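>>> mind folding the following:
(one chain, ligands or ions: 1)
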Amino acid sequence: MNAVEIRGVSKRYGKVTALRQLDLQLAPGEVLGLFGHNGAGKTTTMKLILGLLTPTEGQVQVLGGTPNTPDIRRQLGYLPENVMFYPQLTGRETLHHFARIKGAAGQQADDLLEQVGLAHAVDRRVKTYSKGMRQRLGLAQALLGNPQLLLLDEPTVGLDPIATQDLYILIDTLRQQGTSVVLCSHVLPGVEAHINRAAILAGGQLEASGTLTSLRSEAGLPSRIRASGLQHREQLLQSLGAEGQTPRPLGSDSIELVGSSSGKIALLRQLLEQDQPSDIEIIQPSLEDLYRYYTDRAKQAQAAEGKA
Ligand SMILES: Nc1ncnc2c1ncn2[C@@H]1O[C@H](COP(=O)(O)OP(=O)(O)OP(=O)(O)O)[C@@H](O)[C@H]1O
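Predicted coordinates for the structure are as follows:
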């Protein structure tokens, strides 16, 4: 049973179509990165999963049931994009309040405050918290009751680099424990190692979905190959240039080459036959490169549709 099953879902707000014929699945213990430009439909997708919105067309199933029934809601954790709390309550009072609503133990609230690094500030009023501290409190709130499905909307906003890293480690741990996670973010660097699959929304439509390996292979974007410690760099630059390659010299003894996914191995072989580099680095297209490729593709398709 999938944790989330979205089939043929469209969502309209009056005249605005926020989502169009969306099909998206999430397996147990899977972390899905949901990416897209402002207004692409990410928050709308989250809210449909939470049952805060109902689809105009299509079906949403969550943990085998209908979203927003009490039984399903208890198994969900949600960190909203703009997390808000009562400013007069302390961090501890806030989390205990949410623990009571969720039927979670008070002890778990205290443990989570410690886990998210707020132990030193539990008795301070939330109005004195920094943005990052409020975000940490929001994360603790989302983790109350050990949810089976965790929805995180822009979880790294306001977090410092160490807290961001800690969040990713926490996501890895939750995944190992079988929790399914949907992670929406505009911050792409650093996230790719912590997701199983990426889904890219553009203009309310799913432009791409798959593992990074499958998206890389579908997009066919080139990798960069860097060879350093070359003995005969000038000769190598000439011979590669003569074959139509465009090698770029770097530093005093290195070069960078661009290789398609199919031509990469041949290029590597050639490098090793003609020289003895001390190091070779292959830089694959990053999540940002893929994101740019798919959003540009969506824009071009929309422009072509507009002209037709
Ligand atoms: N309550 C609403 N009434 C009317 N239009 C809405 C409403 N909520 C969202 N929309 C529209 O639906 C579209 C998708 O919005 P959504 O909030 O899902 O995007 P998003 O991908 O989360 O964007 P962001 O990255 O800016 O948070 C946008 O065009 C937005 O203006």
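>>> CA only for contacts and neighbour counts going forward, please
OK.
>>> so what's Glu154 closest to, chain neighbours aside?
For Glu154, the nearest residue in space outside its immediate sequence neighbours is Ser185; the separation is 4.7 Å by Cα to Cα, 6 or more residues apart in numbering.
>>> for the one you found, phi and psi?
The phi/psi pair for Ser185 (degrees, to the nearest 10) reads phi -160, psi 150.
>>> any idea how many residues pack against it?
Under the neighbour criterion other Cα atoms under 10 Å, Ser185 is assigned a count of 20.
>>> is it in contact with Leu34, as I believe?
Yes: judged on Cα atoms under 8 Å, Ser185 makes contact with Leu34 at a distance of 6.9 Å.
>>> quick one: the residue nearest to Glu154 from Lys127, how far?
26 Å (Cα to Cα, to the nearest Å).
>>> Glu305 too?
Following Cα to Cα, the distance that separates Glu305 from Lys127 is 49 Å.
>>> the more surrounded of these two?
Ranked by neighbour count (other Cα under 10 Å), Glu305 and Lys127 place Lys127 first, with 15 against 9.
>>> quick one, strands of the stretch 201-308 of the chain?
With DSSP state E, counting those that start in this stretch as the criterion, the stretch 201-308 of the chain has strands at 205-210, 223-228, 248-250, 254-259, 279-283.
>>> would you format the ones you listed as TSV with mean pLDDT, mean neighbour count and distance to the ligand included?
Converted to TSV, those look like this (pLDDT from 0 to 100; neighbours: other Cα atoms under 10 Å; distance: least, Cα to the nearest ligand atom, whole Å):
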stretch	mean pLDDT	mean neighbour count	distance to the ligand
strand 205-210	96	19	11
strand 223-228	91	20	29
strand 248-250	92	14	37
strand 254-259	89	20	32
strand 279-283	91	13	28
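>>> same list as before, the ones you listed that is, but in a markdown table and with distance to Ala163 included.
Rendered in a markdown table, the data for those read as follows (distance: least, Cα to Cα, whole Å):
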| stretch | distance to Ala163 |
| --- | --- |
| strand 205-210 | 27 |
| strand 223-228 | 31 |
| strand 248-250 | 35 |
| strand 254-259 | 35 |
| strand 279-283 | 27 |
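>>> quick one: the helices in the stretch 51-200 of the chain, in order.
Listed in chain order, the helices of the stretch 51-200 of the chain (DSSP state H, counting those that start in this stretch) span residues 70-73, 91-102, 106-115, 131-143, 161-176.
>>> quick check: mean pLDDT of the third one?
Translated: helix 106-115. Predicted confidence along helix 106-115 averages 94 (mean pLDDT).
>>> that one: which residues count as buried?
Of the residues in helix 106-115, those with enough neighbours to count as buried (16 or more other Cα atoms under 10 Å) are Gly106, Gln108, Ala109, Asp110, Leu112, Leu113.
>>> test my guess that the first one contacts His97.
No: using Cα under 8 Å, Gly106 and His97 do not qualify as a contacting pair, with a distance of 9.1 Å.
>>> got the contact list for Val191?
Tyr168 (Cα atoms under 8 Å, 6 or more residues apart in numbering).
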